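[1] below: sequence and its predicted model.
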Amino acid sequence: MLKKRLIPKLLLTKRNIGGIDMDILVTTKNFESRISIGDPLSQAKIYEANLADELLILAIDSIPLDENSALLALIDRMSEELFMPLCVGGGVSTLKHFEELLNAGADKISVNSILLDNPKFVKKASQDFGSQCVVASIDYRVMDGKNLVFNHREKIVTDLDLFEFTSLLVDYGVGELHICNIDKDGSSIGIDLDTAEAINNSIDIPIIVSGGIGTAQDFVEGFTQTDCSAIAAGTYFTSQDQNPMQARSHISNANIPIRMGR
Amino acid sequence: MIRCTKCNLPETHETIAFDAQGVCNICNNQNVRDGIDWIKQKKLLDELVEEYRGKYDYDCIVPFSGGKDSTWTLYYLVKEYNLKPLVVRYDHGFMRPNLEDNVAKVTKELGVDVISYRSNWHVTRKLMLQSFIEKGDFCWHCHTGIFAYPMQIAIEKNVPLIFWGEPSAEYTSYYGYDDQEFVDEERFNRYTNLGITAEDMFIRLDGKVDKRDLKAFQYPALKDLRNLGYKSVCLGSYVKWDVKQQSKIIMDDLGWQGDQVENVPEEYNYEKIECFMQGVRDHIKYVKRGYTRPSHLSAIDLRNGRISMEDAKKTIEKYEGKRPPSLDLFLDFVGISEDEFYEIASSHTISPWQFNRSALEDGIKTHDFNQWSRAGKMPREEAESQLIQWKEIK
Amino acid sequence: MYKVGIVDYKCGNIRSLFNAFEFIQANPFLVSNAQDFDKATHIVLPGVGAFGYCIENLRKSTLLEPLSEHVFEKLKPLLGICVGMQMLLEQSKELGNYDGLGWINGSVEELKKNKDDAKIKVPHVGWNSVTFTNDSKFFRKEQDYDFYFDHSYAAQNIPLDNIAGETSHGSRFSSVIRKNNILASQFHPEKSQVNGLNFLKDFLES
C-alpha cells in the first residue's frame, strides 16, 4: 500500500554568520521573518537518518537558478551522501534548469514563479522530462472566502483562483502539486484543512500540503481529513523536541499508513 | 493519556507505537531480544576482539562516564578478554563526588589509561541555554560530546575498535534488536544530537562562539572513519544486557557505589548517578511529556516481570512530578528565571499531555547537594541575547 | 572486487546511482563506449523520463549492441532501473506505441486511476511496499519492504517465472522482474535509503 509522506521543508538563503557569508537553512513565518536553522547538508543528513520520506529544498531569495550556483552545488553534494528523494526548486524557469538540477541529482523539480509568467512552461517540461518530475508549488492566501494565488516574487496577491489555476496546471501535465497557505506558514496553528481537502478532491494527481504544522496531531488530522499524499513541514521539525521519527510513530498510532522503517 | 498495557509508558514517549493489544513496540521488541542466539553472538564477539587485539596502541576505545553501563562494559572487556582499552571520557562539567570516587576506584582497580576532556564553560553554558530553548533539552553538549569526541580520539590515536554499552533498543524504537545498530553518524543524526550538528549550532548561535569551540562536538567525516577501518559497536549487541545483575557485579567486584538521585526511589540507586543536573533533566521531561525517571525505571521492571502494575503506579505517584532542588543551580548556570524556565519547557509539550505547574511539590535534596559547584553563573545580558530570538518566535 | 558499469546513454539519473554504488564500495564507473563494458563485472541500465525518448536514445547510442553482447554472451549481471526496467520489455504504451528490447516478455501500460477509489492518484509517487517472491540475503518473502516509486506507467503481463516482486497501486503490477542474469526494478534503489542500498548489495552478489 502506498504510504503517506512526511517531507521536511528546507529553505535555502544567504546570511552572514559571525562575519562569514554562508548558505544556510532558515524557517519563515508568513514568508517573512527568518530564523537561522543550520547547514543545509548537515540538516539533510539528519533528516535522512530520521527516515524522512523526501526532502523539499527551496531557494527562497528569488534568484534565477543561473545566478545561484550555491543551490546546484548543494544538490551535487547531497547526492553524494543522501540516498533519498530530493524535490528541488528556486528560480527555475527554463528547460535547461530542469536538466541541470536533474543531472546534479534532483528527482523532482519544483516550479513557482514561472507558473505565473507562463503556466504553459510545465507542459513542455512534462513532455521532455516526464510529468513525474514536475511539481507545481503554489502559494496562496484566503481573502474574503476566496483562495487566491500569491506571487512570491512580487509579494502580491493575484486575482487567480487557486482551484482554476491548479486545474489548468494539471491539464498541462504537471505531476504533483504543492500548496502552501501563507498565513499558516511558520504559525504552528495547524494546516488549512478545508482548502487542502477540496483541492485534493478536485484533481487526480498527488498533492503535498505545507504551512502550519504545530503538533504531531496536525499531521494526523491533515491526512485523515484531506487525504493528501504528503505533508511538508519546516518550523515543526526545527524548533522543538520533535523529529520525523517521533512524528511517524504518532501518525502510525492513528492507523494512517506511514513508513515505519522497513 | 494512553499507556502501554504491559510497561505503562505513555504515548508521549519518543517513538512509542502500540499494537492491537495496546502493548508498545519497545515491549514487543523484547521478544526479538529474547529470541537472539546469545551463544552465537558471544562467538562473534570473541572473533571481533581477536581481530583487533594487539595490532594498535590500544585494543579498543571504551567511551566512559563512570555510570553503571560504561563501568560494566569496561569491566567485562578487561576481565573477560584481558584487553588493553583506552578509556575516553567526555566530562560534561557536572560530575558528582561519589561518581568521581567510583571512576578513580574502577580505573585503578582495572588498570587502564584514561583520557578526559571538558569543554570551555563559557561555551558550554551557551550551548545549554540554546539547546534548552530550541529543543527543550539542555544536554546537547553532553550528548554530542559523549558520542563525537571518542570518535575523534579513535582517529587521532589510530584505534579503530570502539565499544559502547547498551543498545538503544532497550529504551526506544529508533532501532530494533534485529537492526545492526552501529554507533555511527546515522545514529548520531537519528536522535543523539537532537537534530543539530556542530555546524548547525554555530549557525543557530549566530556565530556568537568561535567555530573552533565547537570542534569537540563534531562527528568525524565518514571517509576519515572508513580510512581508519572503524568498527563502532554496542557490547549489548553481543552480550545480553541485565542492569540489575551487572550493577551487582560491579558493586561487589569493584566497589562501585550507587547514589541517591533527585526524585527517584531509593531502590534504583544504580541509575543516572553521574550528573548533578539529572534532576532538572528528568523534571523537564515531566513538563514536556508527563512522565519521567520513575515511569522509565518501573517500565523496565514491568517488562522483565519484576514488579506488579499496581506497585509501579504507586512508585510513580509517590516520586514523579516534583520540583528538583538542582533547578536553582540550573537557573544560575543559564541566567534565566524560574518563570522563563517553565515557559520554555512547556513550549515543547508533546500532545496530549498538559503540564500543571500549580500542582507541583518540592523534591528532596540529595546528601551531596551542597558540594555541587555553583561557579560560573551566566550574566543576564548574555542570556538575554539568546532569549531574544526565542521570544521573537513565540 | 566489483566494478559496476553504469550505461550512460544520456537518459538517466546517473549521478545518484553512481554515488549509491560508490557508498557501498562497488567501484562504479560510467560506460560511454563499447570498450568500457569489458572491465565491468556488473552492468546497470538507468532510465528516467519518457519511454519513447529513452529507448530512442539507447538505440541511437553505440552502446546497445555491446550491452547485449555482455548480457547474453558474457552473462554479466544486468540491473535495469525504472525506465531502464521498462525498456527490457516488449513494448510500451507511454505517449504512443513503442517497441522495447523484448529481453523479458511483458508490456508497459498506464497505471489506471481507479474511478471508484479516488485515493489512487497518478503519478504513483512515494514509498510503497514490495513483496518479493523469493528470499534473498536482505529480504524475506513473508515480509513487505518499502521502496520509493515515481512513475505513471508500469509493467504488466510478465510471465510468472519472471516476477520477482509485486506492488499494488490501484492494480497489482510487477515492481521487480528477473530473468537469468537480468534483474530490474521499477522503484529507485538509489533513492530508497537502507532498503535500496541493500537491494543493490543483493544485486552485487547475484
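    That came through, no problem.
[2] isn't B:Gly279 up against B:Gly363?
    Yes - the pair B:Gly279 / B:Gly363 is scored as a contact, 6.9 Å apart, by Cβ atoms under 8 Å. Any C-beta I mention is one placed from the backbone N, CA and C, and that applies to glycine too.
[3] which neighbours do the two share?
    Taking Cβ atoms under 8 Å, 6 or more residues apart in numbering or on different chains as the contact criterion, the residues that touch both B:Gly279 and B:Gly363 are B:262-263, B:324-325.
[4] just flag the most distant two among the residues you listed.
    B:Asn263 and B:Pro325 (9.4 Å; Cβ to Cβ).
[5] up against chain C, what does the stretch 51-200 of chain A have?
    The stretch 51-200 of chain A has residues A:51, A:53-54, A:76, A:79-81, A:83-85, A:102-105, A:107-108, A:127-133, A:175-176 near chain C, with proximity defined as Cβ under 8 Å from any Cβ of the partner chain.
[6] which of the residues you listed are buried?
    Of the members of those, the ones counted as buried by neighbours, 16 or more other Cβ atoms under 10 Å in any protein chain shown, are A:51, A:53-54, A:76, A:79-80, A:83-85, A:102-105, A:107-108, A:127, A:129-133, A:175-176.
[7] so the residue nearest to C:Gly106 when sequence neighbours are not counted versus chain B, what's the distance?
    Using Cβ to Cβ, 6 or more residues apart in numbering or on different chains and skipping the chain neighbours, the partner closest in space to C:Gly106 is C:Ile158 (4.0 Å). For C:Ile158, the distance to chain B under the criterion Cβ to the nearest Cβ, to the nearest Å works out to 32 Å.
[8] B:Met151 belongs to a helix?
    Yes - following the definition DSSP: H, G, I helix; E, B strand; the rest coil, B:Met151 is counted among the residues of a helix.
[9] what sits against it?
    Remark: with contacts taken as Cβ under 8 Å, 6+ apart, B:Met151 is in contact with B:162, B:219-220, B:225, B:230, B:232.
[10] highest neighbour count among the residues you listed?
    Across the contacts of B:Met151, neighbour numbers were computed from other Cβ atoms under 10 Å in any protein chain shown; B:Ile162 holds the maximum, 26 neighbours.
[11] quick one: whichever strand or helix holds it to chain centroid distance?
    Element membership for B:Ile162 (DSSP states H and E) is strand B:161-164. Centroid separation between strand B:161-164 and its chain, computed with Cα atoms, centre = their mean, to the nearest Å, is 16 Å.
[12] then stretch B:68-78?
    Per Cα atoms, centre = their mean, the centroid offset for stretch B:68-78 relative to its chain is 16 Å.
[13] any residues touching that stretch, and which ones?
    With Cβ under 8 Å, 6+ apart as the contact definition, stretch B:68-78 has outside contacts at B:49, B:60, B:62-64, B:83, B:85, B:87, B:102, B:106, B:110-112, B:163-166, B:235, B:239, B:243, B:246-247, B:249-250, B:253-254, B:256, B:270-271, B:273.
[14] please flag which of those residues sit within helices.
    Members of those lying in helices (criterion: DSSP state H): B:49, B:102, B:106, B:110, B:243, B:246-247, B:249-250, B:253-254.
[15] show me which of those are buried.
    Listed as buried from the ones in helices among the contacts of stretch B:68-78 are B:49, B:102, B:106, B:110, B:243, B:246-247, B:249-250, B:254; burial here means 16+ other Cβ under 10 Å.
[16] rank these by pLDDT and give me only the lowest.
    Confidence by pLDDT is poorest for B:Val243 among those, given 85.
[17] tell me the SS of A:Ser137?
    strand.
[18] just the helices from the stretch 251-394 of chain B, written as ranges.
    Taking DSSP state H, counting those that start in this stretch as the test, the helices found in the stretch 251-394 of chain B are B:278-289, B:293-303, B:309-319, B:327-334, B:338-346, B:380-393.
[19] okay, those in TSV with distance to chain A, mean pLDDT and mean neighbour count next?
    Shown next, in TSV, are the helices of the stretch 251-394 of chain B (distance: least, Cβ to the nearest Cβ, whole Å; pLDDT from 0 to 100; neighbours: other Cβ atoms under 10 Å in any protein chain shown):
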stretch	distance to chain A	mean pLDDT	mean neighbour count
helix B:278-289	6	95	24
helix B:293-303	16	91	22
helix B:309-319	21	92	15
helix B:327-334	17	97	20
helix B:338-346	10	95	17
helix B:380-393	6	86	15
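[20] can I get the ones you listed in a markdown table including distance to A:Gly186?
    As requested, these are arranged in a markdown table below (distance: least, Cβ to Cβ, whole Å):
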| stretch | distance to A:Gly186 |
| --- | --- |
| helix B:278-289 | 21 |
| helix B:293-303 | 34 |
| helix B:309-319 | 37 |
| helix B:327-334 | 26 |
| helix B:338-346 | 19 |
| helix B:380-393 | 9 |
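[21] so which of these gets nearest chain C?
    Nearest to chain C among those is helix B:293-303 (25.0 Å), distances taken as Cβ to the nearest Cβ.
[22] about what we covered before: so which of the buried ones among the residues of the stretch 51-200 of chain A next to chain C are in helices?
    Secondary structure from DSSP H places A:76, A:79-80, A:102-104, A:127, A:129 of these in helices.
[23] of these, which is the nearest to chain B?
    When those are compared for distance to chain B (Cβ to the nearest Cβ), A:Glu80 comes out closest, at 10.4 Å.
[24] run a quick neighbour tally on the residue lying closest to that closest one once chain neighbours are set aside.
    Using Cβ to Cβ, 6+ apart and skipping the chain neighbours, the partner closest in space to A:Glu80 is C:Asn19 (5.1 Å). C:Asn19 is surrounded by 19 other residues when neighbours are defined as other Cβ under 10 Å.
[25] ok, C:Asn19 - contacts?
    Taking Cβ under 8 Å, 6+ apart as the criterion, C:Asn19 is in contact with A:79-81, A:83, A:105, C:190.
[26] next, format those residues as JSON lines and append pLDDT.
    As requested, the contacts of C:Asn19 are exported to JSON lines (pLDDT from 0 to 100):
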{"residue": "A:Ser79", "pLDDT": "92"}
{"residue": "A:Glu80", "pLDDT": "92"}
{"residue": "A:Glu81", "pLDDT": "92"}
{"residue": "A:Phe83", "pLDDT": "96"}
{"residue": "A:Gly105", "pLDDT": "91"}
{"residue": "C:Glu190", "pLDDT": "96"}
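[27] TSV please, covering the residues you listed and showing distance to C:Asn33.
    As requested, these are arranged in TSV below (distance: Cβ to Cβ, whole Å):
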residue	distance to C:Asn33
A:Ser79	25
A:Glu80	25
A:Glu81	30
A:Phe83	28
A:Gly105	24
C:Glu190	23
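[28] what ranges do the strands span in chain A?
    Assignment of strands within chain A using DSSP state E yields the ranges A:5-17, A:20-29, A:33-38, A:55-59, A:86-89, A:108-111, A:134-143, A:146-151, A:156-161, A:176-181, A:207-210, A:230-233.
[29] same question, chain C
    Listed in chain order, the strands found in chain C under DSSP E are C:4-7, C:28-31, C:42-45, C:78-81, C:91-92, C:98-99, C:107-110, C:124-132, C:144-151, C:153-156, C:163-169, C:171-179, C:182-185.
[30] what pLDDT does A:Leu71 get?
    For A:Leu71, the predicted pLDDT is 94.
[31] ok, now the one 5 residues further on?
    With respect to pLDDT, A:Asp76 has a value of 93.
[32] low pLDDT regions in the chain?
    Just so you know, I chose chain A. A:262 (pLDDT under 70).
[33] wrong chain, I was asking about chain C
    Applying pLDDT under 70 to chain C flags residues C:114-118.
[34] cutoff 80 now
    Along chain C, the model assigns pLDDT under 80 to residues C:12-13, C:113-119.
[35] which residue is nearest the middle of it?
    Of all residues in chain C, the one closest to the mean position by Cα atoms, centre = their mean is C:Ile81, 2.4 Å from it.
[36] list the contacts of that one.
    With contact taken as Cβ under 8 Å, 6+ apart, C:Ile81 is in contact with C:12, C:17, C:44-47, C:184-185, C:188-190.
[37] what do you get if the cut-off is 7 Å, keeping everything else the same?
    C:44, C:46-47, C:185, C:188-189 (Cβ atoms under 7 Å, 6 or more residues apart in numbering or on different chains).
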